[in-house]
Structure formats: structure tokens, C-alpha cells
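Q: My questions are about this predicted structure, shown below with the sequence.
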Amino acid sequence: MHRVVVVGAGFAGLSAARSLIGRPVEVTIVDQRNFHTFQPLLYEVATAGLESGDVAYPIRVIFGKAQNVTYRFATATGVDWGRGDVLLAGTRPLPFDSLILASGATAAFFGIPGAAEHSFPLYTLTDARRLRDHVLRRLEDVDAHPEAEARGALTFVVVGGGPTGVEVAGALAELLDVAVRHDGFGFARRSGRVVLVDALDRLLTPFRESAASYAAATLAGRGVELMLGHVVRTVTGEGVELEDGTVIPTRTVVWAGGVTVERTVVSDIGAETGPNGRLAVRPDLSLVDHEDAYAVGDAGAVPWGPEEPGRVCPQVAQVAIQSGAHAARQVLRRLAGEATEPFRYADKGIMATIGRRAAIAQFPGGRVVRGTLGWLAWLGLHLVYLIGFRNKVVVLVNWSWRYLSWGSGPRIIVNDRAEDRPTPLGPDDDPPL
Ligand SMILES: Cc1cc2nc3c(=O)[nH]c(=O)nc-3n(C[C@H](O)[C@H](O)[C@H](O)COP(=O)(O)OP(=O)(O)OC[C@H]3O[C@@H](n4cnc5c(N)ncnc54)[C@H](O)[C@@H]3O)c2cc1C
């Protein structure tokens, strides 16, 4: 039986493996975590809106009934192209006849001094849990030691004005509102600052100017301070320094500045790379130097389609889902002796939420829906794509409950022992005040 190995169980890997269920191939899906993460809702975990399990789903459960798909809990470290093996950390290599690389990306710090050490990226569930614990601890610090406020304990700086930065900033402002109103903290709401910094002079660059202005006005109306056109020079445990010399004292820098495939397995694959280090692919998504291997989702430089030569797709969920399924279809076509087909991205538009009853949905023609309607569209779409029926129900109930009651939400500091805290790339999250 033809052996297909899929590296990564994100949107792209899941889509590829699901497309191969019941087909005449033996599929192994490898992931370093035993669950799929729904990244678009990580910010809700980080700001105590949802629980971790609501945005993650066990991979074994997804493929439990699929006879020809097995899951391997392992970290891929490279590929032996000569032997046709995926190399796995600490265990025997996994042979393949076809390979689908869907290992995603990670946070980009652009070499800014201190950013990797002292800021909080938001890319994994661990990142989200760490940020939530950290933010809630800062509220407790200021409640117990009001003097900590002057040292930035209640100032939350978000770097990056893309969809993730906008979502986090809006949700942090809401968290402060709710916590002050319902949780009996001794400080005033105005003591809490949320500052969004971006080098560009507008938010949400993929969106139309009108949508970006709406997002900026809504955030400002909710108390978020916008510092657009400001470049971050350094990040330390005590604050952020901007290029113009401004220093913002803070203990919390959320890094939403962009993504990269550096520091992921893509750098160790030994295959040609293209824009931003993403794997270079042919129109059918096979690697330019290995026709039996495909790169999909954030890991690959996925072309928009033959009609727009040279245009590369953005690193978003729809591209991952569509490219994963496309690569799976090409594996089957080659197996059947048929010619492969070029990938064509079907653009379904883009969305971003700013918070309660405020979101933007921009359709392919450029039409923008915003406000409550945009927010309802955003909620509905996220529920559709969230993996697992239980998670859909839990998230819907949670959202509805929070909408009606304001006060609810898992404002729980889980990681209370310093030695328990995973800090793969970031700081010790509890600097002495
Ligand atoms: C905070 C955040 C919010 C986002 N919001 C949106 C949004 O609202 N809308 C939207 O369209 N897009 C959004 N995106 C982007 C979207 O989530 C990504 O484009 C999408 O997840 C890419 O899918 P992927 O399968 O390529 O990679 P991923 O989803 O990153 O999956 C990669 C998988 O590979 C695994 N993996 C990585 N390396 C290895 C290895 N060496 N060995 C084994 N396994 C490995 C990882 O554990 C992971 O499960 C957001 C991203 C983030 C981080």
C-alpha cells in the first residue's frame, strides 16, 4: 500500500489526511502535540474567555474511526530524501512514498532585541495559557501592591496591528472592564492601559482603509491607546522602548508582530525555500526539488493560482485547508497515473473581530460588513470551522452566556508554581516587581 506521511495536524495537515480517508493509501499523520489547535480562538483563551480544551481537539479522536489513517505522537526533525524517511526525534524514522509537509509557522521577532526573551507570543495553547496566567497575576499584583501600577503592572502592550493584535487588544480591554466591574479589584478601570503599537500608520493592512478606520475608532472607543507609526526598538522585563525614545513601562508585551517558518522543521528539511523562507513549490504544490513531497498551509509558499503568476497566498486558515486537500488529491492522481493539477485559491474573504458586537468581514469583491452583523458572521464562521461537535456547543454556550451575563469567563490562574511554567521562547513571566 502506498504510504503517505503528513507532518502536522493543523488546518492543512488535517484537511490533507481527511481527504485521504477511505482511499487506497496508508496515511500516518505526525504531530508533536496530541491535539489540533484552533489558532483563531487562542486569543480568547489568553484573555480568559474560553478554556484550553474548547479550542483544541485530540487528533486520535478525529481519526479514531478511519481505518487507513494512524496518528504518531512525535516531532519531525528532518527528511532523509535518499531513503525516503521522515526523521523523528528520539525514535525510528518513518518511511514514506508521498510526503505532505504541513508544519505551520511560528512567531517572528525580526531580531528585535529582547522581543523573544521578554514578550508573549500567541501561537500555541501553551502561549495562550501562559499569557492568561500572567495577565491575571498582574491584576492580583496591583490589587495587593498598588505601587506596582507605576511600574507598568497594569499596562498591557500589544505589538502588531494585524488581526491577532487587534483581537488581543480588544479582548484585553474587555477583560479589564469585566474584571474591574465584577471581581472586586481595588483599582479603578482607568488604571489599566492597553496600548497597541505598530510600525505602520494604519491597522489591518489586508483590509480596506474604511474597515481599518472602523477598527481603530472602535478600539479607541473601548479605551485602547493606538500608537501607530511607531517602531519597537527593544523589549525588556520592565518595558518597551520605541525608536523615537519613548519608553512604555510594562510587564506584559504581547507579540503579534508576524509569523515566520524560521526555527521550524522547514529549515531542516533540506529543500529549496521561497518567499519568507517558506518551502518553494510548483503550481501543483509539490516541492520544486522533490516531486513526491508537497508543502501546504503556512509552511509552503502556496501560489494563488495560474491566473496570477508570482502571487503567493497569505498564511491564513482557508489557504491551509484548501492547499491540504489539494495536495492529497495530487497524491491520488499521481498514484492513478494521472497528471497533477495546479492549485487555485478560492478566496472567501477575510475577517477580524474587535470585541463584543464589533467585527469586520471583507468579501472578495471588497465589500465590507462591520458592527453587529460582522460580529455575528465572525461568530458563525468560527463555529463552523471549529473542530469537534462538543467544542462547537461549548463555545456557543460560553459566548451566549458571556454576552448575556458579561461577568463569566475562566479567570483562573492555573500555573501557580514557577517551576511548572513552560517558557520555550519567552520570559520568566513573573519578574520581581
Ligand atoms: C493567534 C492566531 C490567530 C489567527 N487567526 C486567524 C483567523 O482569524 N483567520 C485565519 O484565517 N487565520 C488565522 N490565523 C492563521 C491560521 O491559524 C494559520 O494560517 C493556520 O493555522 C495554518 O495552518 P497550518 O496547518 O499550515 O499550520 P498550523 O495550524 O500551525 O499547524 C501546524 C501543526 O504542525 C505541528 N508541527 C509543527 N512542527 C512540527 C514538527 N517538527 N513535528 C511534528 N509536528 C509539528 C504543530 O504542532 C501543529 O499542530 C491565526 C493564527 C494565529 C497564530
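A: Received it, and whenever you're ready, just let me know what you need.
Q: Give me every residue in the stretch 201-350 of the chain lying close to the ligand.
A: 264-265, 297-299, 315-318, 320 (C-beta under 6 Å from any ligand atom). Bear in mind the C-beta positions are built from the backbone N, C-alpha and C, glycine included.
Q: So, low pLDDT: which residues of the stretch 101-250 of the chain?
A: Applying pLDDT under 70 to the stretch 101-250 of the chain flags no residue at all.
Q: Which single residue of it ends up nearest the ligand?
A: Residue nearest to the ligand within the stretch 101-250 of the chain (C-beta to the nearest ligand atom): residue 104, separated by 2.4 Å.
Q: Would you agree that residue is in contact with residue 300?
A: No. Contact between residue 104 and residue 300 fails when scored by C-beta atoms under 8 Å: they sit 10.3 Å apart.
Q: Which residue of these two possesses the greater neighbour count?
A: Each of residue 104 and residue 300 has its neighbours counted (other C-beta atoms under 10 Å); residue 300 has more, 33 against 26.
Q: Using PDB, list the CA coordinates for the helix or strand harbouring residue 322.
A: For residue 322, the host element (DSSP states H and E) is helix 317-335. Extracted in PDB, the C-alpha atoms of helix 317-335 (Å, rounded to 0.1, in the frame of the first residue of the first chain):
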ATOM      1  CA  ALA A 317      -6.700  29.100   7.700                       C
ATOM      2  CA  GLN A 318      -8.600  28.900   4.300                       C
ATOM      3  CA  VAL A 319      -5.300  28.600   2.400                       C
ATOM      4  CA  ALA A 320      -4.200  25.900   4.700                       C
ATOM      5  CA  ILE A 321      -7.500  23.900   4.400                       C
ATOM      6  CA  GLN A 322      -7.700  24.300   0.600                       C
ATOM      7  CA  SER A 323      -4.000  23.500   0.000                       C
ATOM      8  CA  GLY A 324      -4.000  20.500   2.300                       C
ATOM      9  CA  ALA A 325      -6.900  19.000   0.400                       C
ATOM     10  CA  HIS A 326      -5.300  19.800  -3.000                       C
ATOM     11  CA  ALA A 327      -2.100  18.100  -2.100                       C
ATOM     12  CA  ALA A 328      -4.000  15.000  -1.000                       C
ATOM     13  CA  ARG A 329      -5.800  15.000  -4.400                       C
ATOM     14  CA  GLN A 330      -2.500  15.200  -6.200                       C
ATOM     15  CA  VAL A 331      -1.100  12.200  -4.300                       C
ATOM     16  CA  LEU A 332      -4.100  10.200  -5.500                       C
ATOM     17  CA  ARG A 333      -3.800  11.500  -9.100                       C
ATOM     18  CA  ARG A 334      -0.200  10.500  -9.300                       C
ATOM     19  CA  LEU A 335      -1.000   7.100  -7.900                       C
END
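Q: by contact count, what packs against the helix or strand just after it?
A: Once the chain leaves helix 317-335, the next helix or strand it forms, by DSSP H and E, is strand 350-355. If you count contacts as 3 or more C-beta pairs under 8 Å, 6 or more residues apart in numbering; DSSP states H and E, strand 350-355 packs onto helix 163-182, helix 209-221, strand 358-362, helix 371-385.
Q: Could you list the buried residues of the first one?
A: Of the residues in helix 163-182, those scored as buried under the neighbour-count criterion (16 or more other C-beta atoms under 10 Å) are 163-180.
Q: part of a strand, is residue 57?
A: Yes. Per DSSP: H, G, I helix; E, B strand; the rest coil, residue 57 lies within a strand segment.
Q: quick one: it and residue 2, what's the gap?
A: 27 Å (C-beta to C-beta, to the nearest Å).
Q: and if you look at residue 77?
A: 24 Å.
Q: if we can go back for a sec, redo the helices and strands packed on strand 350-355 as JSON lines? Include distance to residue 130.
A: Formatted as JSON lines, these follow (distance: least, C-beta to C-beta, whole Å):
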{"stretch": "helix 163-182", "distance to residue 130": "14"}
{"stretch": "helix 209-221", "distance to residue 130": "24"}
{"stretch": "strand 358-362", "distance to residue 130": "26"}
{"stretch": "helix 371-385", "distance to residue 130": "23"}
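Q: For the closest residue to residue 295 other than its chain neighbours, which residues count as its bridge partners?
A: Nearest non-adjacent residue to residue 295, counting by C-beta to C-beta, 6 or more residues apart in numbering: residue 279, 3.6 Å away. Per DSSP bridges, the residues bridged to residue 279 are residue 273, residue 300.
Q: got the contact list for residue 279?
A: Residues near residue 279 by C-beta atoms under 8 Å, 6 or more residues apart in numbering: 101, 261, 266, 269, 271-273, 287, 295, 299-301.
Q: Among the residues you listed, which one sits closest to the ligand?
A: residue 299 (5.7 Å).
Q: buried residues in stretch 331-351?
A: Neighbour-count burial for stretch 331-351, counted by 16+ other C-beta under 10 Å, picks out 331-332, 334, 340, 343, 345, 347, 349-351.
Q: For residue 305, give me its contacts.
A: 311, 342-345.
Q: Once you drop chain neighbours, what's closest to the one residue in the stretch 201-350 of the chain that gets nearest to the ligand?
A: In the stretch 201-350 of the chain, the residue that lies nearest the ligand is residue 297 (2.1 Å; C-beta to the nearest ligand atom). Once flanking residues are discounted, residue 297 sits nearest to residue 12: 2.8 Å by C-beta to C-beta, 6+ apart.
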